[in-house]
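S.K.: fold the stuff below for me.
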Amino acid sequence: MAIINDVTICNSALVKIGAETILSLEDDSTSGKLCKLRFGSALDYVTSVYPWRFARSRTVMAPDVASPEFGYDNKFLLPSDYLGLFIASADENLDDTTTYLDAFTIEGSYLLSDETAVYLIYIRKLLTEDLPTVSETFAEAVALYLAQDLVMKITQSDTSKAGLLQQYELFLKKAKTLDSRNDSPRALTATTFTDSRIGIR
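M.R.: From the prediction side, this is the model:
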């Protein structure tokens with residue numbers, strides 16, 4: 001299996017648009033400077049669009065001292081590395097009897113709910129040291145998304161942008177399929193991921 005890190009993903013993106021590759025994100029070149037500027041955003045975006053197993057984290061949240069002005073009894077500060085919500089539960093036993101939150105919203109950095117405790121499985125920001133754990137198809141999706149972001153900045157032409165986005169969608173679909181093979185159906189249907197990222201009431 002190929003080594004996956006920030007440099008290999010960036011170089012994969014740069015090769016796709018015919019740009020100079022780099023040795024590190026600290027390279028004092030156009031490619032290096034742009035990769036340092038844009039890689040984190042590309043990684044966060046692709047991580048946020050699906051509940052990848054390698055990007056999930058768990059926490060139990062206690063309510064904030066201050067309550068919302070109206071609408072809900074409590075508010076809970078989301079983790080600092082939060083990107084998206086996968087499962088929010090009123091109890092810790094994630095089985096067929098689990099009570100999933102069906103009345104909540106996410107506003108800014110808080111989850112608002114009437115519960116007194118929230119058991120949260122969320123999608124977190126990936127760090128550099130996490131990258132060797134991601135799949136090759138996920139890494140390729142990140143590289144393609146980064147490539148379409150950099151193509152105009154480096155080549156002064158966006159003629160290949162649409163094609164790069166099409167390839168990104170293809171590899172994203174492949175990566176989702178591979179990732180879901182190690183999840184139970186209940187885990188993937190327990191919460192509607194798209195809805196719970198923006199909150200439902």
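S.K.: who's in contact with Leu78?
M.R.: Contacts for Leu78 were tallied using C-beta atoms under 8 Å, 6 or more residues apart in numbering; they are 61, 106, 109-111, 122. Quick note: C-beta positions are derived from backbone N, CA and C, even for glycine.
S.K.: by neighbour count, which of those wins?
M.R.: Tallying neighbours with other C-beta atoms under 10 Å puts Leu111 at the head of the contacts of Leu78, with 27 neighbours.
S.K.: for the contacts of Leu78, work out which two are farthest apart.
M.R.: The largest separation in those, counting by C-beta to C-beta, is between Tyr110 and Tyr122 at 13.3 Å.
S.K.: sketch out the low-pLDDT regions of this protein for me.
M.R.: 1, 94-99, 184-201 (pLDDT under 70).
S.K.: domain ranges for it, per the record?
M.R.: 6-50+127-180, 54-125+184-200 (automatic domain parsing).
S.K.: which of these sits most buried?
M.R.: Among the domains of the chain, domain 6-50+127-180 has the highest mean neighbour count (mean count of other C-beta atoms under 10 Å), at a mean of 18.
S.K.: for this structure, what spans make up the helices?
M.R.: Secondary structure of the chain (DSSP state H): helices at 6-16, 30-48, 136-155, 161-180, 185-189, 193-198.
S.K.: could the ones you listed be laid out in CSV, adding distance to Ile87?
M.R.: Shown next, in CSV, are the helices of the chain (distance: least, C-beta to C-beta, whole Å):
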stretch, distance to Ile87
helix 6-16, 28
helix 30-48, 16
helix 136-155, 21
helix 161-180, 15
helix 185-189, 8
helix 193-198, 8
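S.K.: what about those, which gets the closest to Ser89?
M.R.: helix 193-198 (11.4 Å).
S.K.: for Lys16, which non-adjacent residue is closest in space?
M.R.: Using C-beta to C-beta, 6 or more residues apart in numbering and skipping residues adjacent in sequence, the residue nearest Lys16 is Ala147, 4.3 Å away.
S.K.: which of the contacts of Leu78 sits closest to Gly84?
M.R.: Among the contacts of Leu78, and counting by C-beta to C-beta, the member closest to Gly84 is Tyr122, at 6.7 Å.
S.K.: list the residues that contact the nearest residue to Phe76 once chain neighbours are set aside.
M.R.: The shortest distance from Phe76 to any non-neighbouring residue, by C-beta to C-beta, 6+ apart, is to Met61 (4.1 Å). Listed by C-beta under 8 Å, 6+ apart, the contact partners of Met61 are 76-78, 111, 117-120.
S.K.: rewinding a little: for Val15, state which of the contacts of Leu78 is nearest.
M.R.: Of all these, Tyr122 has the smallest distance to Val15: 33.4 Å, by C-beta to C-beta.
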